[in-house]
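Chemist: Here is my input, please return the structure:
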Amino acid sequence: MTTSLITKSTITNIAVENKTSSIMRIPVENAQSVEMRFALLCARDCFDPLNWVSIPMRMSGEDSHFFELDLETQTLADGSYEYEFVINGNIHKPVADPYAEEITRFGGYRGVFHIKNGKRWQQPFSWDDELPENINLANNNEIIIYEMPLRWMSSPAGETAKLRQIGLGTFDKVIFERLNELAELGINAIELLPTQDSADTLNWGYGTRFFFTTDFDMGAPVDLKFFIKCCHQKGIRVFLDIVMNHARECPLEALAENNYFLHDRDEEPGRGEDYGARLFRFRQADANGVHRARDFHYQAAEFWIQNYRIDGFRIDEFRGIDNWEFIQSFTKKATDAFKACFPDRPFLVIAEDSWRRTEIVKNETNNPDGQKVVDSMWNFAFRDELRRLMRNDLQTQWGQPSRHERIKAMVAGWQTWDDMSKSFKPGFEDMAQAVNYITSHDVEKHHEQRYFSFCIGSLLRERNLSDGNLDAIKYFVDNINNQSHEIQQTYNDALQMSRSAQALLLTSVAIPMILAGEEFADCHDLDNSDWRLKMSDPIDWHRKEYSGHNAVWHSVRELIQLRKSHAALHRNEIDFFYFHPGIDENNGERIFAFCRTDDKPLGSSGQVVVIANPSHKNYPVFDLPWVWNNNENIDEIAAPINHSEFEFRSNDSWASISLAPFQVRVFKT
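Modeler: Okay, here's the model as predicted:
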């Protein structure tokens, strides 16, 4: 990491203390007695919780659902304390604090609090130098999201790199090993897979245990705060992926199970999977008419915004939660909390709805109060349609929408394709309502795997060069210079497909999202079809230095810079000015072209033009209509290696261009 992240302002303000409440409050059901027992962390040399100081807690006067204790009334010595709760005298089964803002692990998990001058306090952290004068956080229509499973972000160096098969990424490793590289790539938003503490040590963390603190194995709260500050200093927003559908080993189970969790999924018909965890209760209020689980998540959102300056949330398992009223309220409360703290900054709540219901991002009559439920959503249809297009699997039958209509819908988002009904569903009204992607962290199914693995495996099988299994792909990629001409050509074609897919992603009408490692076309090292192994298969950063993969990285970087800087790509307007006459035939030509117009007449300066050949055919010369006259000012972005300059014929307003197999070419006018 460069020293520019450590400034005089940081040093000057390092002693600033954060205010925090002195009241410890926990929800407890039907308890006769509740005690908090605690000890100084520095007393670990005589660790004996049964003999720790234990203080009775009293029922809250504000809410009988809670028991509380004011630490400032206890005249505690200065220091850091670990603590837990004893319910009804059960000293052998203590319960941790579900609201713990910091945790420790030694013979179990406990909360940590700090006392200074007789008062509770937090470790000092200054945000004063968070945003340098020349840095702004991009608006929602300008962002490129980098989906980051933190565990994947670090791998051993040198000879041991070949042995690494478990991701052990941490906040500090990303800061010092990856963040400068990501800033150089140009991404301006990171979506962190869950970083709240989880009972899942080596996987992605979709089983939250403590909702108000960082995962113990990823780093301390101050580490995540510094990570976010470093990101902001580089103009990178940070979104937090949150799990509200379920919890795993959460202390709320032992404290107030009935108010927070379902005993059976049938209690709330329509709910999704529990993934071996406990489903939160969202529909039934308690005896006082309070929705405890909803309030818990509202409080968590406000906490992460106020204390960590999170720029938005991605809601996992939207379909499984199956409660639009709750999610709508969550979106509004989180947005209001953010605007109260940071009125001049953009904020975004994104949903993962596997049922692909675009009405959740729009003001629709059937929505609660006729209002949108979330701001944006993952567009599964883009992933699926793009993969079909590049593999020539985008087939149509008589009476179904044509191929060119489906291409329009994929790129523009006006409609979304439903492959089950073979028909269109309503699309999006604004580009910031959709998050388009080629690959996400969910790589388990064949059509979901890393895109380069998907492409090269399919090509190897088609060309009878290999069965395209995982080990074969790894071997060819890591030893490509020793392979036959046919395999090398297949490898290059797969890289071309990866580059072209990114070009279509970054010029489509939506927020683009890139899964970590896809920017240089990484492949799988472990079996992606195994739900355990898919989560512990980190990125092989060494492959980025391979010639072909490095070329993909540089192309993606150029395309990202175009996406960030070009006004036409921040707007919704698009004009599909060319489709090959045979494109609607299943075995016909597949060439098409579109322009992001910036709401100007076609042929104006300041536009982005994309010409796509998502097929195996090679066109040394291809003619298509061309209405731009300022050709001396037209620049190609991320020009592919095997290309020729386009030639404009002014007498008949056509252009000639070379289009290699699976090639997409991008120009700005």
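
Chemist: where does the stretch 501-650 of the chain dip in pLDDT?
Modeler: Across the stretch 501-650 of the chain, the ranges flagged by pLDDT under 70 are 643-644, 650.

Chemist: now the helices for it?
Modeler: Ranges of helices within the stretch 501-650 of the chain are 547-565, based on DSSP state H, counting those that start in this stretch.

Chemist: roughly how far apart are the nearest residue to N136 once chain neighbours are set aside and I591?
Modeler: Leaving aside its chain neighbours, N136 sits nearest to G235 (6.6 Å; criterion: Cβ to Cβ, 6 or more residues apart in numbering). C-betas here are computed from N, CA, C, even on glycine. Using Cβ to Cβ, to the nearest Å, G235 is found at 37 Å from I591.

Chemist: of those two, who's got more company?
Modeler: Set side by side, G235 and I591 show more neighbours around I591, with 22 against 19, by other Cβ atoms under 10 Å.

Chemist: The more buried one and R665: what is the separation?
Modeler: I591 sits 11 Å away from R665, going by Cβ to Cβ.

Chemist: Could you tell me which residues touch both of these two?
Modeler: 611-612, 659 (Cβ atoms under 8 Å, 6 or more residues apart in numbering).

Chemist: May I ask which of the residues you listed has the most neighbours?
Modeler: In terms of neighbour count, A612 stands highest of the shared contacts of I591 and R665 at 25 neighbours, by other Cβ under 10 Å.

Chemist: Quick check, that one in contact with H580.
Modeler: No. Assessed by Cβ atoms under 8 Å, A612 is found out of contact with H580, at 10.4 Å.

Chemist: Can you work out which residues contact both of those two?
Modeler: Residues within reach of A612 and of H580 at once, by Cβ under 8 Å, 6+ apart, are 590-592.

Chemist: now these as CSV including distance to N618?
Modeler: Converted to CSV, the shared contacts of A612 and H580 look like this (distance: Cβ to Cβ, whole Å):
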residue, distance to N618
R590, 13
I591, 12
F592, 17
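
Chemist: Filter those residues down to the ones in strands?
Modeler: F592 (DSSP state E).

Chemist: in the stretch 251-400 of the chain, which ranges drop under the pLDDT threshold?
Modeler: Along the stretch 251-400 of the chain, segments meeting pLDDT under 70 are nowhere present.

Chemist: Could I get the full set of helices for it?
Modeler: 252-260, 292-308, 318-321, 324-341, 380-390.

Chemist: What ranges does the stretch 351-500 of the chain have for its strands?
Modeler: According to DSSP state E, counting those that start in this stretch, the stretch 351-500 of the chain carries its strands in the segments 376-378, 415-418, 423-426, 434-437.

Chemist: what would these look like in CSV with mean neighbour count?
Modeler: Converted to CSV, those look like this (neighbours: other Cβ atoms under 10 Å):
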stretch, mean neighbour count
strand 376-378, 24
strand 415-418, 20
strand 423-426, 14
strand 434-437, 25
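
Chemist: Distance to P401 added to the ones you listed, as a markdown table?
Modeler: Shown next, in a markdown table, are the strands of the stretch 351-500 of the chain (distance: least, Cβ to Cβ, whole Å):
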| stretch | distance to P401 |
| --- | --- |
| strand 376-378 | 22 |
| strand 415-418 | 8 |
| strand 423-426 | 6 |
| strand 434-437 | 19 |
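
Chemist: With respect to A277, which of the shared contacts of I591 and R665 is nearest?
Modeler: Among the shared contacts of I591 and R665, A612 lies closest to A277 (Cβ to Cβ), at 43.0 Å.

Chemist: I'd like the distance between the closest one and R499.
Modeler: From A612 across to R499, the span is 12 Å (Cβ to Cβ).

Chemist: what's the answer for A220, then?
Modeler: From A220 over to R499 the distance is 39 Å, taken as Cβ to Cβ.

Chemist: When the two are compared, which one has more neighbours?
Modeler: R499 (24 against 19).

Chemist: which residues touch the helix or strand where T213 lies?
Modeler: Assigned by DSSP states H and E, T213 belongs to strand 208-214. Contacts to strand 208-214, defined as Cβ under 8 Å, 6+ apart, come from residues 96, 98-103, 109, 171, 194-199, 220-221, 223-224, 242-243, 247-251, 296-297, 300, 303.

Chemist: Check stretch 462-472 too.
Modeler: Contact partners of stretch 462-472, identified using Cβ under 8 Å, 6+ apart, comprise 453, 456-461, 476, 486-487, 490, 524-528.

Chemist: in those residues, which two residues are the furthest apart from each other?
Modeler: Farthest apart among the contacts of stretch 462-472 by Cβ to Cβ are E486 and L526. That separation is 27.0 Å.

Chemist: Show me which of these two is the more surrounded one.
Modeler: Ranked by neighbour count (other Cβ under 10 Å), E486 and L526 place L526 first, with 17 against 12.

Chemist: Look up phi and psi at the more buried one.
Modeler: For L526, the backbone dihedrals are phi -120, psi 170 (criterion: degrees, to the nearest 10).

Chemist: From what I see, it and K534 are in contact.
Modeler: Yes. Look at L526 against K534 with Cβ under 8 Å: they come within range, at 7.0 Å.

Chemist: tell me, what's touching A612 and R499 both at once?
Modeler: In contact with both A612 and R499: V664, using Cβ under 8 Å, 6+ apart.

Chemist: Not counting its neighbours along the chain, what's nearest L224?
Modeler: Closest residue in space to L224, ignoring its immediate chain neighbours: T214 at 4.9 Å, by Cβ to Cβ, 6+ apart.

Chemist: what about that neighbour, how many neighbours?
Modeler: Residues within reach of T214, counting by other Cβ under 10 Å, total 23.

Chemist: Show me what it is bridged to.
Modeler: Using DSSP bridges, the bridge partners assigned to T214 are Q196.

Chemist: and it, how far is that from D493?
Modeler: Taking Cβ to Cβ as the measure, T214 falls 43 Å from D493.

Chemist: Next: E302.
Modeler: Taking Cβ to Cβ as the measure, E302 falls 50 Å from D493.

Chemist: likewise N88?
Modeler: N88 sits 67 Å away from D493, going by Cβ to Cβ.

Chemist: K534 too?
Modeler: 25 Å.

Chemist: ok, back up a step: closest one to A516 among the helices of the stretch 251-400 of the chain?
Modeler: Closest to A516 of those is helix 380-390 (Cβ to Cβ; 16.0 Å).

Chemist: Quick one: list the elements packing against the closest one.
Modeler: Contacts defined by 3 or more Cβ pairs under 8 Å, 6 or more residues apart in numbering; DSSP states H and E place helix 380-390 against helix 403-412, strand 415-418, strand 434-437, helix 451-462, helix 485-507.

Chemist: Single out the most deeply packed of these.
Modeler: strand 434-437 (a mean of 25; mean count of other Cβ atoms under 10 Å).

Chemist: In its sheet, which strands sit next to that one, and in what direction?
Modeler: Applying DSSP bridges to the sheet, strand 434-437 is found paired with strand 376-378 (parallel), strand 511-515 (parallel).
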